[in-house]
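Undergrad: need the 3D shape of this:
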Amino acid sequence: MKIAVVVDSNSGVTQAEAERLGLFVLPMPFMIDGQIYLEGVDLTQEEFYRRMEAGADITTSQPTPESVTALWDRLLGEYDQVVHIPMSSGLSGSCQTAMVLAQDYENRVWVVDNHRISVTQRQSALEARDLAAKGYSGQEIKEILERSGGDSIIYITVDTLKYLKRGGRITPAAAALGTLLRIKPVLQIAGEKLDAFSKVRTMKQAKTAMLTALAKDLAGFLGDPEGADSYFQVAHTCNDAMAQEMKETLAQLYPGKPVEAAPLSLSIACHIGPGSLAVACTRQLKELA
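TA: Below you'll find the model as predicted:
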């Protein structure tokens, strides 16, 4: 059975990378000053951040139903089934939309709601690809990924509160006070929610807080204190030097597993701005051990 794995561009997987990895990417649309762009298709990262710094009005949106089904229809001309992995249903309505659309495909399209986003969503797509290669069906892959959805964690810190304020994530008063005190929040993405985790004053303190929290989670709910059975990822927005430093630190702390480092997707970056840094961990699937 041939299975195509689709992931949306919130995962950070680019169109070029998808071809190399054997995946397919559904680009997320966003609007800049009223004009629609598709992530990774008609706007570069450099141009995006230039427009953001210039104060452009940037908002995100869901893919149209037509764009989703057009991709599925094209793939089903070559593949027997499609496994579609959208961003967490708790952070976007695109997952629910895909599930409704899949009802018309008579078990040929399986939509996974495993509450992942960004680099952990990317890891799910790679796992789906590897499960398909081992002979698992689309339904079985969906069940495995959803059952293990909670086996991941992301911590992220932002350089400025301006974009969180603009997107309504924090109040203008809180943003003004945080800017005055030079507070850098550390946020946590676990399952469906983006939650505040801690507040620090410097990026160095933020890095320490994220690494400490990650170690606690590995020893706790992930059940892998040495990190031997987990994947580690680093993501960032216009912060490559610090991301590489964090990658090296994680490789030293948890040797044996390669650490991925990549820019965050533009559809996420528009909510947090440049200068962010994230660390993530995902427990390896026992089916792929």
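
Undergrad: could you pull out the strands in the stretch 101-250 of the chain for me?
TA: 109-111, 152-157, 184-190, 193-200, 230-236 (DSSP state E, counting those that start in this stretch).

Undergrad: any chance of those in JSON lines, with mean neighbour count and distance to Ala215 too?
TA: Just so you know, the C-beta spots here come from the backbone N, C-alpha and C atoms, and that holds for glycine as well. JSON lines is the format used below for the strands of the stretch 101-250 of the chain (neighbours: other Cβ atoms under 10 Å; distance: least, Cβ to Cβ, whole Å):
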{"stretch": "strand 109-111", "mean neighbour count": "24", "distance to Ala215": "34"}
{"stretch": "strand 152-157", "mean neighbour count": "25", "distance to Ala215": "11"}
{"stretch": "strand 184-190", "mean neighbour count": "20", "distance to Ala215": "14"}
{"stretch": "strand 193-200", "mean neighbour count": "14", "distance to Ala215": "14"}
{"stretch": "strand 230-236", "mean neighbour count": "24", "distance to Ala215": "11"}
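
Undergrad: out of the ones you listed, the one nearest Gln35 is which?
TA: strand 230-236 (26.3 Å; Cβ to Cβ).

Undergrad: and that closest one, what other elements does it pack with?
TA: helix 118-133, helix 240-253, strand 259-263, strand 277-283 (3 or more Cβ pairs under 8 Å, 6 or more residues apart in numbering; DSSP states H and E).

Undergrad: again, only using 10 Å
TA: helix 118-133, strand 152-157, helix 203-219, helix 240-253, strand 259-263, helix 266-272, strand 277-283 (3 or more Cβ pairs under 10 Å, 6 or more residues apart in numbering; DSSP states H and E).

Undergrad: quick one, it and strand 259-263 angle?
TA: Computed by axes from the mean of the first three to the mean of the last three Cα atoms, to 10 degrees, the angle separating strand 230-236 from strand 259-263 equals 20 degrees.

Undergrad: partners of strand 230-236 in the sheet?
TA: Here strand 230-236 has these sheet partners by DSSP bridges: strand 259-263 (parallel), strand 277-283 (antiparallel).

Undergrad: what is the mean pLDDT for that strand?
TA: Averaged across strand 230-236, the pLDDT comes to 95.

Undergrad: and stretch 247-259, by the same measure?
TA: 92.

Undergrad: picking that back up, which one, of the strands paired with strand 230-236, ends up nearest to Gly12?
TA: strand 259-263 (5.4 Å).

Undergrad: still on that earlier bit, Thr60: which of the strands of the stretch 101-250 of the chain is closest?
TA: Closest among those, using Cβ to Cβ: strand 193-200, at 13.9 Å.

Undergrad: just to revisit the earlier point, confidence-wise, which of the helices and strands packed on strand 230-236 is weakest overall?
TA: Across these, helix 266-272 gives the lowest mean pLDDT, at a mean of 83.

Undergrad: of the strands paired with strand 230-236, give the one that comes closest to Glu143.
TA: That would be, of the strands paired with strand 230-236 and by Cβ to Cβ, strand 277-283, which comes in at 16.7 Å.

Undergrad: tell me the angle that closest one makes with strand 152-157.
TA: Going by the same axes, to 10 degrees, strand 277-283 makes 170 degrees with strand 152-157.

Undergrad: just name the most buried of the strands paired with strand 230-236.
TA: strand 277-283 (a mean of 25; mean count of other Cβ atoms under 10 Å).

Undergrad: by how many degrees do it and helix 118-133 diverge?
TA: Strand 277-283 runs at 30 degrees relative to helix 118-133, counting by the same axes, to 10 degrees.

Undergrad: now find how far off-centre strand 277-283 is within its chain.
TA: Centroid separation for strand 277-283 versus its chain: 10 Å, with Cα atoms, centre = their mean, to the nearest Å.
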